[in-house]
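> Give me a model of this one.
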Amino acid sequence: MNQNRPVPGAFYRHFKGNIYQVRTIAKHSESGEEMVVYQAMYPPFETWVRPLSMFTDRLDRTRYPEAAQEYRFVEVRFQKEDGGSVLRSQNKSVPENGQTDSGQLQESSRKEMMAEPVSDEELREILINDQGEKRLTGRMPEEEIARRGFLALLDAETYREKRQILTGMRDYINELYLNNLAAALDIVLEEGSSQEHYDTLLHCLETYEKYEGGRLRR
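Below is the predicted model:
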């Protein structure tokens, strides 16, 4: 059984991890077969065509037994998730040496916080306020912070908020998401390190933010 029809403009994750954006649904000029036109969100940002039935089909488990997802492509959703749909994090142990009653209470409170899933809204607020190390350590794997933070950044309504979220993600974002962000912002990254790419994107968002602020004041 195939999954839902892909949506033009939506982002999809391939089972090998890369992210693509569906550009349109086309038809073969001879057979009339529907085709998905989609673009890679990483250099060199090539555009591909695949039959709709293959794009939405389930993975062949005999060929890819280790794949983490059921379908070849899975949509990366931007709408807010409720608490039940958020992945729970891995807990980290807290040192016990020399604890007082107050320390034990703090540990108990910390364990309760760590056991609670992080909602999309809470993650957004944490990243905007650059409190990731303080409030996310032990609650979410870094890859999960990078993935969901990237989606929150794309979903942000203003460049100011995008810039704030990117600032809060500096310890978590990797080259894959930097390239995906550059593609989403229509920015070409020159050869360089991940830190240089991060600085370039942050500078671009700061520039866009200034332009956005000036436009709003008119």
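> For stretch 42-49, measure first residue to last.
16 Å (Cα to Cα, to the nearest Å).
> Show me what counts as buried in it.
For stretch 42-49, a neighbour-count test (16 or more other Cβ atoms under 10 Å) marks Tyr42 as buried. In this view, the C-beta of every residue, glycine as well, is placed from N, C-alpha and C.
> which residues are contacting stretch 189-208?
43, 159, 162-163, 166-167, 170, 173-175, 178-179, 181-182, 185, 187 (Cβ atoms under 8 Å, 6 or more residues apart in numbering).
> for the protein, longest strand please?
strand 19-27 (DSSP state E).
> how far out from the middle of the chain is that one?
19 Å (Cα atoms, centre = their mean, to the nearest Å).
> Would you agree Ile25 is in contact with Val37?
Yes: using Cβ atoms under 8 Å, Ile25 makes contact with Val37 at a distance of 7.4 Å.
> Tell me how the chain divides into domains.
Per the record, the chain has its domains at 11-76, 120-217, by automatic domain parsing.
> how would you label the residue found closest to Ala156 once you drop the neighbours it is linked to in the chain: helix, strand or coil?
Counting by Cβ to Cβ, 6 or more residues apart in numbering, Lys162 is the residue found nearest to Ala156 once chain neighbours are left out, at 4.5 Å. Recorded secondary structure, Lys162: helix (DSSP: H, G, I helix; E, B strand; the rest coil).
> looking at it, Lys162 is touching Leu151, isn't it?
No: between Lys162 and Leu151 there is no contact under Cβ under 8 Å: 12.0 Å.
> one step back: which positions within the helix or strand that comes right after the longest strand of the chain qualify as buried?
Downstream of strand 19-27, the next assigned helix or strand under DSSP states H and E is strand 34-40. Neighbour-count burial for strand 34-40, counted by 16+ other Cβ under 10 Å, picks out Met35, Val36, Val37, Tyr38, Ala40.
> now for strand 34-40, which elements pack on it?
strand 19-27, strand 47-51, helix 52-55 (3 or more Cβ pairs under 8 Å, 6 or more residues apart in numbering; DSSP states H and E).
> what is the mean pLDDT for the longest helix seen in the chain?
Criterion DSSP state H: the longest helix present in the chain is helix 194-217. For helix 194-217, mean pLDDT rounds to 82.
> quick one: buried residues of that helix?
His197, Tyr198, Thr200, Leu201, Cys204, Leu205, Tyr208, Glu209.
> of all those residues, which two lie farthest apart?
By the measure Cβ to Cβ, His197 and Glu209 form the most distant pair in these, at 18.6 Å.
> burial count for the closest residue to Ile19 other than its chain neighbours?
Nearest-residue entry for Ile19: Met41, 4.5 Å, with adjacent residues in sequence omitted and distances by Cβ to Cβ, 6+ apart. Neighbouring residues of Met41 were enumerated by other Cβ atoms under 10 Å; the total is 22.
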